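Peer 1: model the following, please.
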Amino acid sequence: MKKIKGIIFDMDGLLFDTESIYCDANLVVADKYDIPFTTETYARFIGISDEEVWAELHKMYADHGEETVQKFIDESWGMAHDRFKTGNVDLKPGVHELLAYLEEKDIPRVVASSNVRPVIEILLENAGIRNKFSDIISAEDVKLAKPDPEIFEIAAKRLGVDGADALVLEDSKNGILAADSAGVPVVMVPDILPPTDELKEKTEAVFTSLHEVIDFLED
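Peer 2: Below is the predicted model of the structure:
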């Protein structure tokens, strides 16, 4: 592996165990409104922007009425974000160790997430790792969410490196596809969904945790 000049981190499911929080909130509120939302339904939307998810939910559950679907969206989103504000959100294994390694090696890093900037800032600040990243690229910075490559193209520019000299760390299908389209090498650390053979072919490697990324960079 050639020397990496910058690291691009996804956030949800990669840095933080947020996907399970979002999923649980959706299941609780869906039950309240008798909406047949399942864990499998949630998994379909991983790595997709909020706006795209919400539009699809309105289509899927149109027979429940627009007002009911909007209440489901608003209340589940609010429940998850109330949890984020408490700071009671687990970091994924290996986050501190990998960030310490990158800091020691003076490898710059940014966060590129389909989430909105206020949520990204809250999670990073509460975890005490905001200062480990030189920049944040969020949903507000792009016209199209992943799998469109724009977010990673912007991230490489913010790092001041050619995309081919950077490395994306991702957990989701759409993130892998976006990195591949952007021409940025990508490592997958799966969260909820395991990688398909197609996704494996588009990655440099698939690891069980961020701990393994350190050995990968050392090789």
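Peer 1: count of residues packed around Thr184?
Peer 2: Heads up, residue 184 is Val, not Thr. 24 (other C-beta atoms under 10 Å). Where you see a C-beta, it was placed from the backbone N, CA and C, and this is true even at glycine.
Peer 1: just Pro194 next, same as before
Peer 2: Pro194 has 10 nearby residues by other C-beta under 10 Å.
Peer 1: for it, grab phi and psi.
Peer 2: With angles defined as degrees, to the nearest 10, Pro194 sits at phi -70, psi 160.
Peer 1: right, and the helix or strand after the longest helix belonging to the chain?
Peer 2: The residue-count maximum for a helix in the chain (DSSP state H) belongs to helix 66-86. Next along the chain after helix 66-86, taking DSSP states H and E as the criterion, comes helix 95-104.
Peer 1: remind me what that next one packs against, helices and strands.
Peer 2: Judged by 3 or more C-beta pairs under 8 Å, 6 or more residues apart in numbering; DSSP states H and E, the packing partners of helix 95-104 are helix 211-218.
Peer 1: ok, residues contacting the helix it packs on?
Peer 2: The contact list for helix 211-218, computed with C-beta atoms under 8 Å, 6 or more residues apart in numbering, reads 1, 4, 93-94, 97-98, 101, 105, 107, 167, 169, 187, 189, 204-205, 207.
Peer 1: just the buried members of those?
Peer 2: For those, a burial check counting by 16 or more other C-beta atoms under 10 Å picks out Ile4, Gly94, Leu98, Tyr101, Ile107, Leu167, Leu169, Val187, Val189, Phe207.
Peer 1: so what touches the worst-scoring helix or strand of the chain on mean pLDDT?
Peer 2: When the helices and strands of the chain are scored by mean pLDDT, DSSP states H and E, helix 39-44 comes last with a mean of 90. Residues outside helix 39-44 that contact it (C-beta under 8 Å, 6+ apart) are Glu19, Tyr22, Cys23, Asn26, Leu27, Met60, Ile192, Leu193.
Peer 1: 10 Å instead, please
Peer 2: With contact meaning C-beta atoms under 10 Å, 6 or more residues apart in numbering, helix 39-44 is reached by 19-20, 22-27, 30, 35, 38, 53, 56-57, 60, 172-173, 191-193.
Peer 1: picking up where we left off before, export the longest helix of the chain as PDB, just CAs?
Peer 2: In PDB, the C-alpha atoms belonging to helix 66-86 read as follows (Å, rounded to 0.1, in the frame of the first residue of the first chain):
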ATOM      1  CA  GLU A  66     -49.200  12.300   5.100                       C
ATOM      2  CA  GLU A  67     -49.700  13.800   8.500                       C
ATOM      3  CA  THR A  68     -49.100  10.400  10.300                       C
ATOM      4  CA  VAL A  69     -46.000   9.700   8.300                       C
ATOM      5  CA  GLN A  70     -44.600  13.100   9.000                       C
ATOM      6  CA  LYS A  71     -45.200  12.600  12.800                       C
ATOM      7  CA  PHE A  72     -43.400   9.300  12.500                       C
ATOM      8  CA  ILE A  73     -40.500  11.000  10.800                       C
ATOM      9  CA  ASP A  74     -40.300  14.000  13.200                       C
ATOM     10  CA  GLU A  75     -40.700  12.000  16.400                       C
ATOM     11  CA  SER A  76     -38.300   9.300  15.500                       C
ATOM     12  CA  TRP A  77     -35.700  11.800  14.400                       C
ATOM     13  CA  GLY A  78     -36.200  13.800  17.600                       C
ATOM     14  CA  MET A  79     -35.900  10.800  19.800                       C
ATOM     15  CA  ALA A  80     -32.600   9.800  18.300                       C
ATOM     16  CA  HIS A  81     -31.200  13.300  18.400                       C
ATOM     17  CA  ASP A  82     -32.200  13.800  22.000                       C
ATOM     18  CA  ARG A  83     -30.100  10.700  22.700                       C
ATOM     19  CA  PHE A  84     -27.200  12.300  20.800                       C
ATOM     20  CA  LYS A  85     -27.400  15.500  22.900                       C
ATOM     21  CA  THR A  86     -26.900  13.500  26.100                       C
END
